[in-house]
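J.: Next come a sequence and a model predicted from it.
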Amino acid sequence: MALSDASIRAENVDGIAFTRGPGMAGCLAVCSNAARTLAAALNKPLVGVHHMQAHALTAALTTPEDQLPQFPFLTLLISGGHTLIVLANSQTSFRILASTKDESIGRAFDDVARMLGLSWSTHGLGAALERFCNQPTDTSAASEGIPEFPSVLRGKLEFSYSALHAHVERFLRSRDRPLDELSKLALARAFQDAAFTQLEEKLTLALNRCRQKGINIGTVVVSGGVASNLYLRDMLRKRLDEYSAGGEPIGLLFPPPSLCTDNAAMIGWASMHRFLAEDIDEYTVDILPKWSIEDITEKKPHREQNP
């Protein structure tokens, strides 16, 4: 279908890119085998891409050239499998500043949506929770019965979403009857606020860490499936405006919602600099189910900034 849409033949493709890792070994193996076989059959160069690197660079795919983020910048990678704040020094040099000690934010959203019994379709449970919270309904009367969510790991550059997930679970189990719809909505909104407030707090800590080390951050890039949440986009914009008040504004970039979740376009985009540099992989290249974004290497040395 992609070849048909582009009106080209397979032999006209310049190269083959695929997700080398990290991820589930079985899924990566299917992808790798198909890509390696196709590249070998067509005698085309092959590049294996880091999944999270592709997410980190996706925003540049649709951003006007005069608004492209300049290195170094911070990237917030938030999905069903990851919750990371990463310092991007170049296209292939990343340093993790914060990660989750337990489950990811996307996983917590899915679990809470499931506990609340929300209906969902192909868009997923997390998207169903966002839609549910977006209802134009006043929940102030029901909010009084919702227990306050804990402030998790305050002051530490580390995430924890199992605590918020468990808070919802304990509250639901403590009740002798199911929640009415208004209370369910109030609980969903309280969870979403707590989850995103934690993101705001950790991002502020990361910006402070960089500032203390003399690293000037002009842009924050947010990507991954959770980045499609419009309420989060508004919260982060307000927080960055407050943080940079009176100084140089900090840019905030998101991919379009259609490119926030896993997609082939981001893999192709992330592979381009390697194809252009003729930095290609052998047809025998292995998959890497466990592969830290910090372990991506490049041929030419660069000046790396480490907070």
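T.: In hand now; what should we look at?
J.: now the helices: where do they sit in this structure?
T.: 2-6, 25-42, 51-57, 59-62, 105-115, 125-133, 140-143, 162-174, 181-212, 230-243, 264-276 (DSSP state H).
J.: Any chance of those helices in TSV with mean pLDDT, distance to residue 221 and mean neighbour count as columns?
T.: Any C-beta I mention is one placed from the backbone N, CA and C, and that applies to glycine too. Output for these, formatted as TSV (pLDDT from 0 to 100; distance: least, Cβ to Cβ, whole Å; neighbours: other Cβ atoms under 10 Å):
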stretch	mean pLDDT	distance to residue 221	mean neighbour count
helix 2-6	85	26	9
helix 25-42	97	25	15
helix 51-57	95	7	26
helix 59-62	90	5	18
helix 105-115	96	16	23
helix 125-133	95	20	21
helix 140-143	86	33	13
helix 162-174	95	24	16
helix 181-212	97	11	19
helix 230-243	97	11	15
helix 264-276	95	12	19
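J.: Hmm, residue 205 is touching residue 157, no?
T.: Yes. Under the criterion of Cβ atoms under 8 Å, residue 205 makes contact with residue 157 at 5.2 Å.
J.: what is in contact with the two at once?
T.: Both residue 205 and residue 157 are contacted by residue 98, under the criterion Cβ atoms under 8 Å, 6 or more residues apart in numbering.
J.: then stretch 151-162 to CSV, C-alphas only?
T.: Below are the C-alpha coordinates for stretch 151-162, written out as CSV (Å, rounded to 0.1, in the frame of the first residue of the first chain):
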residue,chain,number,x,y,z
SER,A,151,2.6,13.4,45.8
VAL,A,152,5.1,10.7,44.7
LEU,A,153,8.9,11.0,45.0
ARG,A,154,8.7,14.7,45.5
GLY,A,155,12.0,16.5,44.8
LYS,A,156,13.5,13.4,43.0
LEU,A,157,14.2,13.0,39.3
GLU,A,158,12.3,9.7,39.2
PHE,A,159,8.7,8.7,38.3
SER,A,160,6.3,6.3,40.0
TYR,A,161,2.9,5.6,38.5
SER,A,162,2.1,2.4,40.3
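J.: Tell me the buried residues in that stretch?
T.: For stretch 151-162, a neighbour-count test (16 or more other Cβ atoms under 10 Å) marks 152, 153, 157, 158, 159, 160, 161, 162 as buried.
J.: and which of these is nearest residue 52?
T.: Closest to residue 52 out of the buried residues of stretch 151-162 is residue 159 (15.1 Å), distances taken as Cβ to Cβ.
J.: what's the strand ranked longest in the chain packed up against?
T.: The longest strand of the chain (DSSP state E) is strand 83-90. Using 3 or more Cβ pairs under 8 Å, 6 or more residues apart in numbering; DSSP states H and E as the contact test, the elements touching strand 83-90 are helix 51-57, strand 73-78, strand 93-98, helix 181-212.
J.: Could I get the average pLDDT for it?
T.: Across strand 83-90, pLDDT averages out at 97.
J.: can you pull the buried residues of that strand?
T.: Within strand 83-90, the residues that count as buried by 16+ other Cβ under 10 Å are 83, 84, 85, 86, 87, 88, 89.
J.: Show me which pair in the buried residues of stretch 151-162 is furthest apart.
T.: Across these (Cβ to Cβ), the longest gap, 17.5 Å, separates 157 and 162.
J.: Residue 123: neighbour count?
T.: Around residue 123 there are 13 other residues, counting by other Cβ atoms under 10 Å.
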